[in-house]
Every structure is written in C-alpha cells, then in structure tokens.
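Participant: next come a sequence and a model predicted from it.
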Amino acid sequence: MKLSKKVVLLGHFGVGKTSLFRRFIDNAFSEEYKVTLGVQIKKKVVQLPDGRELSMIIWDTEGHSNSVEDTRKSYLLGSDAFIYVFDLTREDTYKYLNQDLEYLKNTYNKVITKTIGNKLDLVSERVITKQLKELDIPFDCLTSAKTNKNVQKFFLDLAEEIAK
C-alpha cells in the first residue's frame with residue numbers, strides 16, 4: 001500500500017520555495033524568477049528505507065510579505081508537514097520567523113513543521129549559522145536549491161518522519 005502525505009512550502013516571496021520544489025521534484029534549477037500565483041502542486045514518489053513508497057504531494061504556495069497568517073487557510077488544511085523557507089541573505093524573511101512558527105504550532109499543532117534557510121551558495125555557512133544562533137532563529141537545515149546542497153537529503157529525511 002502506498003502512503004500519501006501533503007507537504008506545504010511556506011515563506012516570504014523570493015526565498016526560493018519554487019526553486020526548492022523544482023530541485024527536489026524535477027532535479028532542475030532556473031535563474032529566472034517567476035512569482036508563484038496561488039499554489040502549484042506536484043507529486044513525488046520516494047522509496048522509504050523500510051521498502052514502502054510514499055507519495056509526497058507538495059504544495060508550493062505563493063509568498064507573503066508579512067505573516068504566514070496571510071496564507072490562504074485552504075492551502076494549509078489537511079497538511080502533514082509545513083516547510084517554512086527563509087532566505088539566508090534577507091533578514092526580513094526570518095525576522096518574524098518565531099511568531100510565524102508559534103502561529104503554525106498553535107493553529108495546526110499536529111502538523112510537523114520544519115524550517116529551511118535557503119540560498120546557502122550566497123553566504124558563508126559558518127558566519128550565517130553563528131548569526132542565526134545569535135538571533136535565536138530556529139532552523140532544521142540550510143540549503144541551496146541552486147547547487148542542490150542538502151535539498152534531497154532534507155526532503156528524504158522529512159519523508160521518513162511523516163511516514164511514521
């Protein structure tokens with residue numbers, strides 16, 4: 001029996017949600033920036049270590065400029081996991097991360113929530129890690145959709161976690 005789980009990408013506009021989405025699903029990257037209007041949905045079937053298959057139904061949502069609360073509720077309903085993406089080069093994309101995570105935790109307390117700092121190819125990992133820790137910004141993974149650094153591993157680890 002194949003499992004199916006809904007995963008929603010959240011975050012400000014321009015943080016790389018669509019690039020992560022395309023990198024994981026199609027192993028593709030484009031320098032062209034196109035704003036996501038509404039939501040784009042694609043499926044990727046992954047093989048779990050125990051031999052089962054998991055269909056990850058990934059929702060790439062339009063970015064917001066203020067709070068995750070601006071995201072349409074219909075996009076969030078029925079989710080098994082949220083991936084909150086922020087841009088490592090733009091502090092305004094993680095300035096209110098803790099409040100957004102608190103909102104998700106309080107409103108959707110049964111949904112796994114992960115945070116990704118994207119665009120690692122543009123910053124020093126050591127410097128940005130220190131800065132995020134000093135600002136008390138929680139993150140599960142630092143990625144680069146452009147170079148594919150940590151993207152596949154992050155999504156495959158998430159697949160294992162949501163399949164439990």
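Facilitator: Yep, that arrived. Values in this document were obtained by computation on a predicted structure and should not be read as measured data.

Participant: alpha carbons only for contacts and neighbour counts from here, please
Facilitator: Fine.

Participant: give me the buried positions along the helix or strand hosting Ile162.
Facilitator: Taking DSSP states H and E as the criterion, Ile162 maps to helix 151-163. Buried residues in helix 151-163, counted by 16 or more other Cα atoms under 10 Å: 151-152, 154-156, 158-159, 162-163.

Participant: quick one: those as TSV, columns for pLDDT and distance to Leu122 too.
Facilitator: Output for the buried residues of helix 151-163, formatted as TSV (pLDDT from 0 to 100; distance: Cα to Cα, whole Å):
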residue	pLDDT	distance to Leu122
Val151	98	15
Gln152	97	19
Phe154	98	19
Phe155	98	21
Leu156	97	24
Leu158	98	25
Ala159	97	27
Ile162	97	30
Ala163	95	33
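
Participant: just to revisit the earlier point, residues in contact with the helix holding Ile162?
Facilitator: Residues from elsewhere that reach helix 151-163, judged by Cα atoms under 8 Å, 6 or more residues apart in numbering: 3, 5, 20, 23-24, 46, 48-49, 54, 56, 80-81, 112, 141, 143-145.

Participant: do you have the strands of the protein handy? List them.
Facilitator: 3-10, 39-47, 53-61, 81-87, 112-118, 141-142 (DSSP state E).

Participant: which one of those is the most hemmed in?
Facilitator: Highest mean neighbour count among these (mean count of other Cα atoms under 10 Å): strand 81-87, with a mean of 25.

Participant: name the residues that touch that strand?
Facilitator: Against strand 81-87 from outside (Cα under 8 Å, 6+ apart): 6-12, 14-17, 93-94, 111-119, 162.

Participant: tell me which residue is most central in the protein.
Facilitator: Ile83 (3.2 Å; Cα atoms, centre = their mean).

Participant: tell me the spacing between it and Phe24.
Facilitator: 13 Å (Cα to Cα, to the nearest Å).

Participant: over to Asp60?
Facilitator: From Asp60 over to Phe24 the distance is 12 Å, taken as Cα to Cα.
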